[in-house]
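Asker: what follows is a predicted structure for the sequence shown.
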Amino acid sequence: MFLHGYNLQQRYLRPWTIVQEKLTPTGFVEFFVANGLLRFLIPMLFAISGYLHANFDSAPTGPRIRKRIRTLLVPYLAWSALAMAMTYILELFPSTRGMVLSSGIAYIDDNRRLLHDYHWYELLRSWLLSTIAYQMWFIRVLFIYNLAYQAIRWCISHKIVGWIFFPAAAMLWLSTLGTFFLEGESLFFFSLGIWLFKTGVPLETTARRRIYARVWGLVFILSASANTWLAFKGYSLLGNRVYPVLTLMHPVIVISGLISCWFGLDNFARCCMHNKRFITISAFAFFIYAFHTPLVAYAIDPVLSWLSPLPAFRLLAFVFLPLAVIALCIALAALFRRLAPRSYNILTGGRGIA
């Protein structure tokens with residue numbers, strides 16, 4: 001959510017992104033959080049998904065695929081269509097059309113920046129592949145990996161192919177190469193999760209691992225801080241050499257963040273799981289994930305304009321816009337689940353249904 005609430009001038013973040021504006025406390029905090037602290041979350045989710053999928057290896061393939069269609073493919077197609085419908089409606093009115101234009105979400109070229117400008121095959125492609133609800137790429141790719149699980153598992157388990165597969169997947173991750181069906185970062189960590197389960201690597205937290213987690217946590221904070229500083233100041237010092245430096249710092253941030261949080265946040269996770277309010281809210285997690293974009297992207301510029309008279313207005317928007325959208329999502333999800341439980345069940349793939 002906060003990753004998508006990033007509101008500096010250049011909003012599409014990559015590992016090697018250079019910030020083309022003056023370093024300010026607001027800029028540092030936003031980049032540090034969005035392109036530093038939060039960068040390990042998607043890799044961790046793919047690793048967990050691979051681990052859990054391998055855990056149910058003995059289940060029949062047919063029923064498992066049918067379940068994935070219900071829990072992944074159907075929600076992906078439904079939310080993609082809803083995002084397109086919402087965008088199309090916003091484009092109908094001059095007062096809201098500017099929100100779509102300023103977000104750049106529907107951009108094809110300088111002359112076609114709205115869904116209304118799309119050809120029919122571009123609308124179809126947007127629905128199936130390059131969805132307006134761009135965060136749903138995770139669900140699309142995860143479904144493809146579930147279909148390809150047998151092949152991925154074979155590559156990992158084979159004594160010779162495994163030594164080729166993992167370095168190749170790692171290179172895909174570092175290069176950030178990918179297509180609509182294959183994405184380097186996700187493939188590497190989904191495969192890593194499978195490998196961790198199949199090899200029986202112990203993942204339980206011990207006192208010794210908590211100490212290691214603190215060391216990795218320090219590496220995580222320092223590397224994310226250095227990465228942020230270089231994003232603002234690196235080009236003036238290193239020129240084009242800053243790009244490979246930032247690219248190589250990215251895996252350090254991801255790996256250190258993943259290890260430190262996996263083994264270092266047990267007590268925090270335990271407290272959350274014993275908190276009734278957290279459990280209640282977490283039931284709406286998928287709805288929040290699916291609905292918040294493109295809503296946040298469309299709201300950024302209007303909120304910035306509204307808050308502009310205030311000091312540090314961009315930082316205020318970065319913090320409070322995502323929180324406001326989360327609150328809205330929870331309210332809508334609770335109401336929707338009560339009034340139309342069957343439709344809610346379809347949209348969420350059965351998640352959050354008592």
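Answerer: Noted; the coordinates are in hand. Residues are numbered from 1 along each chain as shown.

Asker: for residue 178, phi and psi?
Answerer: The phi/psi pair for residue 178 (degrees, to the nearest 10) reads phi -180, psi 170.

Asker: wouldn't it be in contact with residue 169 here?
Answerer: No. Between residue 178 and residue 169 there is no contact under C-beta atoms under 8 Å: 11.5 Å. In this view, the C-beta of every residue, glycine as well, is placed from N, C-alpha and C.

Asker: common neighbours of those two, please.
Answerer: residue 184 (C-beta atoms under 8 Å, 6 or more residues apart in numbering).

Asker: which of those two has more residues huddled nearby?
Answerer: A direct count of neighbours by other C-beta atoms under 10 Å for residue 178 and residue 169 places residue 169 higher, at 23 against 16.

Asker: and after the helix or strand of the chain with the lowest mean pLDDT, which helix or strand comes next?
Answerer: Lowest mean confidence among the helices and strands of the chain (mean pLDDT, DSSP states H and E): helix 266-273, at a mean of 83. Toward the C-terminus, helix 266-273 is succeeded by helix 276-282 as the next helix or strand (DSSP states H and E).

Asker: what helix or strand is the closest residue to residue 326 other than its chain neighbours located in?
Answerer: Leaving aside its sequence neighbours, residue 326 sits nearest to residue 288 (C-beta to C-beta, 6 or more residues apart in numbering; 5.8 Å). Counting by DSSP H and E, the element that carries residue 288 is helix 285-307.

Asker: pretty sure residue 215 belongs to a strand, no?
Answerer: No. Read with DSSP: H, G, I helix; E, B strand; the rest coil, residue 215 is helix and lies in no strand.

Asker: quick one: it from residue 221, how far?
Answerer: 11 Å (C-beta to C-beta, to the nearest Å).

Asker: what of residue 212?
Answerer: 15 Å.

Asker: compare the two (neighbour count), which wins?
Answerer: Between residue 212 and residue 221, counted using other C-beta under 10 Å, residue 221 has the larger neighbour count: 17 against 14.

Asker: how is the more buried one assigned, secondary-structure-wise?
Answerer: Following three-state DSSP, we place residue 221 in the helix state.

Asker: nearest residue to the middle of the protein?
Answerer: residue 42 (5.1 Å; C-alpha atoms, centre = their mean).
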